[in-house]
Each structure stands twice: as C-alpha cells, then as structure tokens.
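>>> Here is a sequence together with a model predicted from it:
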Amino acid sequence: MTNFIKITCISFLIIACSETKKITSPPNVVIIFTDDQGYQDLGSFGSPNIKTPHLDQMAKEGIRLTDFYAAQAVCSASRAALLTGCYPNRIGIEGALFPHQKIGLNPEETTMAEMLKTRGYKTGMFGKWHLGHLPKFLPNNHGFDEFMGIPYSNDMWPVDFNGVQVDSLNRKIKFPQLPFLKNGKKIKEIRTLEDQDQLTTKLTEAAVDFIERNKNNPFFLYVPHPMPHVPLGVSDKFRGKSEQGMYGDVIMEIDWSVGQILKTLKENNLHENTLVIFTSDNGPWLNFGNHAGSALPLREGKGTALEGGQREPCVIYFPSKIKPGRTLSTPMMTIDLLPTIAEITGSQLPEKKIDGKSVWNIWTGETKESPHEAYYFYYKSNELHGVRYKNWKLYFPHSYRTLNGREAGADAFPVNYEMLNFNEIALYDLSKDISETNDVASENPKIVAKIKILADEMRSELGDRLYAIEGSENRPIGRVQ
C-alpha cells in the first residue's frame, strides 16, 4: 500500500509538471498572409459564392476583426510594415520592389523573426518575400532559419498573363525567369502557368513539414502566399470547384492550406498554445475583373488609400487565450502585430522606434479602446492620403486610380484604370457609411480640424511629398552598391 501511495504521488507530480510546462511554454506563432485578397473573399466576411469552411471554422473558434488594415495598399510596403511594426515610409519602403532594383529592407531594422529568435524560437518562412531579392536582403538575413519561395511577385517574369513568353516590346522582357529559392539558393525556375499552379500546394507542404520538425520547441511560421495575385494558379484539387470561377478556386485552395496547417497543429497537440493570424497584404486588383476578388461593400481596391484598398479580412485563433466566436470592430493595423506578439511571447521590442502598439487586451476582451489616436494612410512616394480617427476617415486632396464604373478586364487581361481626384478634403463616418459615399466634412468642422492637427504632427515625423514636407524621423532603405 505504501508503494502504491508513492507511485500515485509521483504520477500526480509528473502530470502537474507536464501541465505547468504546457501552460508556461512560449506560444507558437503562425501568420498566413495572402496577396491581393478582397475584404469580401471569405464566407465569414460575406462572400456569396466562395466556400471557405476552414477559415469560417477558424473564425467561429477565434475572433473576426472587421476593421483591420494593411499598412499600405501595395505589396512591398505592406510586408515591411507587418514584419517590422513600422509604417513602411518610416523605414524607406515605398510601393513594390522590382527585380532590377538594388534595394531592400535595411538589415539594421528588426523583424518579427529576429525578435522571436532572441526568445529561442525557430523561424520559418514559406511564400513570397518581396523585400529585396539580393542576398543581403533575403529572409535568411532577416531572422528566418528557413526560407522557401519566391523573392517578389509572381507576375514579375517574362511571361504574359496568358502564359506566353513576352516579345521585345513588352516591359516584362527585362525580367528574369521567376526563381524559386530555398535558403537563398535557386532550386528551380517558375516558367509556366502550370508551375504557378503548384505554388500553394508546395508551400503548404513545406509549412506542415516545418511544424512537424519543430513541434518540441517554440516556432514562428510565416506563410505569405503568392496567391491570389495574378497570374492565378491553382492545382487540380480545386480547379473548377468554385461558383466564382478560377479566382474562387484559388481562394478555396488557400482555405485548404489553412486547414492543413490547423490540422497539423491539432494532430501534434499544439493548437491550444498557438496563435494563428490570417489576413491579406492589400485589397483586390480590380481591373483584372473575374481574376480579382471583391472588396464589397468597401470603395475601390488595391493601390488606393480608400477602404477597399487597405481594409482586409482578418481572423485570429488562439484557443487557450482568446474567447471564441466574437467580432471586434475596433480599428487595428498590421503594424500592431509585432508589439502584440512581443507582449504575448515576452519578447523585447526593437530598439528603434516603431509605430505599432499592442492590441492584446482588445483581442482578449478587456477593452474596446484603441491604443492609437489615429491611423495614417500613406501611398506612392510618401504622400499622406488619409487618416482614420475613431469612426471617421478623412482624405486630403490627392489623385487615385479607379475603374470609375467601367467594366473590368477578363480572364487574366486587365483594362486600364482612370485617375480621379479628391480636390478638397473629404470626411466619411464609417459607422454609418462603410462604402464612403456621403462626404460629411462640411457638417463636422471640429472633427476635420482635429484630424488636420493629427496629420500635421505625423507629417513632421514622416513627411508628405504633396506638402513638400521632409520628415524628421524617416530611416533609410537598405542599398547595395
């Protein structure tokens, strides 16, 4: 009987210790980041004809953020903000980087991967980088232990949207064949649309393998899918499956990819202690028509500071820490992910100034108040186009691209945008007018005056080319001579 009591006590101690280890072990972090996906392109965000069961279930078991923003409505700038917690113009990143450029994310900036490595995390990235293609700028030199994917957008190759090699009159003739890299070395080239069809599957398999190999230590997994950026690519598993044609097929395969990652976490008993975030880099490339997504009910899409350009679907999943099944409307932005993850993981924030702030207490339901007084919407060459202040969105005079009611392109071939202007300050109450159709600036002079003061304060920091203002706190982009 004495031996039985001893064995029982030892067993209870072992169980207690393992439970304590489970609770105190640093949480894993997974960020899934799509390319050019529209606000409405998930079932849980109102898609009428694209089925996304895994993401919809993830939303039921987690939280849905309805007012979540990419930091800029274009590829490289958006990704820089996500990984550094900074407005991209603070760190010198503008627009989308091209294969001929000798610039990239400055190695002196601290990325989320570098931050988490100091806490003992294994770090892996599988997808599209687009923060500099030269060796100095690639993911392995920015904190990622492993990288597999493409260095920039999948349309930066000498192939037209129909899969035919371009002729000498096409600007793409100067692009190299699209390299597929593993830890900085080219292991193959993406030469055909058939090669593009395999990207989502290959990157998902690599992500699942990374989880399996690192299940016994904390890890950070970053999966920035090249899709649904054109040219669209989808495997035979999902080709022809969606009511919305090929674009819907691509989103369904991304949803499958999310399902594979969640399944792997659950099979390895990691899901309770893993934070999973799903969102996109900017809104849909609307002039591609049926090969683009939908930002409805928002106005415009990619390449604009209007809501359709930067407000993105966002789903957060963290079963052990976040009460499920909630919808949060407090404004948030990708710049807030790094400081939030720093708080969750006990990591030290970067030494250099960042713009994001932790929103962890909003996710947990402790508060609905934003830690920011406002969010700032820069675009092009450091132009401040808009400011969100509480439920208000103000736009300064600027030009923006639009279809202006015209029919979009079809089957991978776009039509040209028109340029329209905000000739005067415009103000919208997003709580009543999510589609930004009713300018109420003249009715709310105090709100306009308040936002103008906030904008002037930010211009003093980061500048504004439209007002010929040089910022005092801009940092340089990385360069290779």
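Perfect, I can see it now.

>>> Can you pull out the low-pLDDT segments for the chain?
1-24 (pLDDT under 70).

>>> domain parsing for it?
26-372, 376-479 (automatic domain parsing).

>>> Can you lay out those as CSV showing mean neighbour count?
(Each C-beta comes from the backbone N, C-alpha and C, glycine too.) Supplementary listing: these in CSV, determined by neighbours: other CB atoms under 10 Å:
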stretch, mean neighbour count
domain 26-372, 21
domain 376-479, 16
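
>>> Can you list the residue ranges for strands in the stretch 51-200 of the chain?
63-69, 103-104, 122-128, 146-150, 178-182, 185-190 (DSSP state E, counting those that start in this stretch).

>>> Now do the helices in this structure.
Secondary structure of the chain (DSSP state H): helices at 2-24, 53-61, 75-84, 112-117, 193-197, 199-213, 245-267, 307-310, 337-345, 360-363, 445-462.

>>> contacts for the fifth one?
The contact list for helix 193-197 (CB atoms under 8 Å, 6 or more residues apart in numbering) reads 154, 159, 163, 189-190, 226, 231-236, 239.

>>> Would you point out the most distant pair within the residues you listed?
Farthest pair in the contacts of helix 193-197 (CB to CB) is 189 and 239. Separation: 22.7 Å.

>>> Please look at residue 415 and residue 402 and confirm they touch.
No: between residue 415 and residue 402 there is no contact under CB atoms under 8 Å: 11.6 Å.

>>> Redo the helices of the chain as JSON lines? Include distance to residue 476.
As requested, the helices of the chain are exported to JSON lines (distance: least, CB to CB, whole Å):
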{"stretch": "helix 2-24", "distance to residue 476": "40"}
{"stretch": "helix 53-61", "distance to residue 476": "38"}
{"stretch": "helix 75-84", "distance to residue 476": "13"}
{"stretch": "helix 112-117", "distance to residue 476": "18"}
{"stretch": "helix 193-197", "distance to residue 476": "34"}
{"stretch": "helix 199-213", "distance to residue 476": "31"}
{"stretch": "helix 245-267", "distance to residue 476": "35"}
{"stretch": "helix 307-310", "distance to residue 476": "25"}
{"stretch": "helix 337-345", "distance to residue 476": "20"}
{"stretch": "helix 360-363", "distance to residue 476": "31"}
{"stretch": "helix 445-462", "distance to residue 476": "13"}
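
>>> To residue 477, which of the ones you listed lies closest?
Residue 477 lies closest to helix 75-84 among the helices of the chain, at 9.2 Å (CB to CB).

>>> CA-only coordinates of the closest one in PDB, if you can.
Taking Å, rounded to 0.1, in the frame of the first residue of the first chain, the C-alpha atoms of helix 75-84 are listed here in PDB:
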ATOM      1  CA  CYS A  75       3.000  44.600 -51.800                       C
ATOM      2  CA  SER A  76       6.500  45.500 -50.500                       C
ATOM      3  CA  ALA A  77       5.300  48.400 -48.300                       C
ATOM      4  CA  SER A  78       2.600  46.300 -46.700                       C
ATOM      5  CA  ARG A  79       5.000  43.400 -46.000                       C
ATOM      6  CA  ALA A  80       7.600  45.700 -44.500                       C
ATOM      7  CA  ALA A  81       5.000  47.000 -42.000                       C
ATOM      8  CA  LEU A  82       3.900  43.600 -41.000                       C
ATOM      9  CA  LEU A  83       7.400  42.400 -40.200                       C
ATOM     10  CA  THR A  84       8.700  45.500 -38.500                       C
END
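
>>> gap between it and the chain center?
Relative to the centre of its chain, helix 75-84 is centred 8 Å away, using CA atoms, centre = their mean, to the nearest Å.

>>> what does it rub up against?
Against helix 75-84 from outside (CB under 8 Å, 6+ apart): 31, 33, 35, 70-72, 86-89, 91, 93-97, 105, 109-113, 129-131, 142, 153, 224, 229, 281-282, 333-335, 337-338, 350, 354.

>>> Please apply the same query to stretch 391-398.
For stretch 391-398, the surrounding residues in contact (CB under 8 Å, 6+ apart) are 305-307, 379, 383-387, 421-431, 436, 441, 444, 447-448, 451-452, 455, 466.

>>> repeat for stretch 48-56
Counting by CB under 8 Å, 6+ apart, residues outside stretch 48-56 touching it are 41-44, 242-244, 248, 251-252, 255-256, 258-259, 262, 278, 315.

>>> from the chain's centre, how far out does that stretch sit?
With CA atoms, centre = their mean, you get 19 Å for stretch 48-56.

>>> same check, this time on stretch 260-276
Put simply, stretch 260-276 sits 20 Å off its chain's centre (CA atoms, centre = their mean).

>>> these two touch, right, residue 299 and residue 439?
No: with contact defined as CB under 8 Å, residue 299 does not reach residue 439; the gap is 11.9 Å.

>>> Tell me which residues touch residue 163, please.
Contacts for residue 163 (CB under 8 Å, 6+ apart) come out as 192-193, 231.

>>> Test my guess that residue 136 contacts residue 477.
No: the pair residue 136 / residue 477 is not scored as a contact, 11.9 Å apart, by CB under 8 Å.

>>> Could you tell me which residues touch both of these two?
Contact criterion CB under 8 Å, 6+ apart; residues bridging residue 136 and residue 477 by contacting each: residue 104.

>>> Using PDB, list the CA coordinates for stretch 420-431.
Only the C-alpha atoms of stretch 420-431 are listed here, as PDB (Å, rounded to 0.1, in the frame of the first residue of the first chain):
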ATOM      1  CA  LEU A 420      -9.700  60.800 -60.400                       C
ATOM      2  CA  ASN A 421      -9.000  63.400 -57.700                       C
ATOM      3  CA  PHE A 422     -10.100  64.400 -54.300                       C
ATOM      4  CA  ASN A 423     -10.000  68.100 -55.000                       C
ATOM      5  CA  GLU A 424     -11.000  69.000 -51.400                       C
ATOM      6  CA  ILE A 425     -10.900  67.400 -48.000                       C
ATOM      7  CA  ALA A 426     -13.500  64.700 -47.700                       C
ATOM      8  CA  LEU A 427     -14.800  63.100 -44.500                       C
ATOM      9  CA  TYR A 428     -16.800  59.900 -44.000                       C
ATOM     10  CA  ASP A 429     -18.500  58.400 -41.000                       C
ATOM     11  CA  LEU A 430     -17.600  54.700 -41.400                       C
ATOM     12  CA  SER A 431     -20.000  53.700 -38.600                       C
END
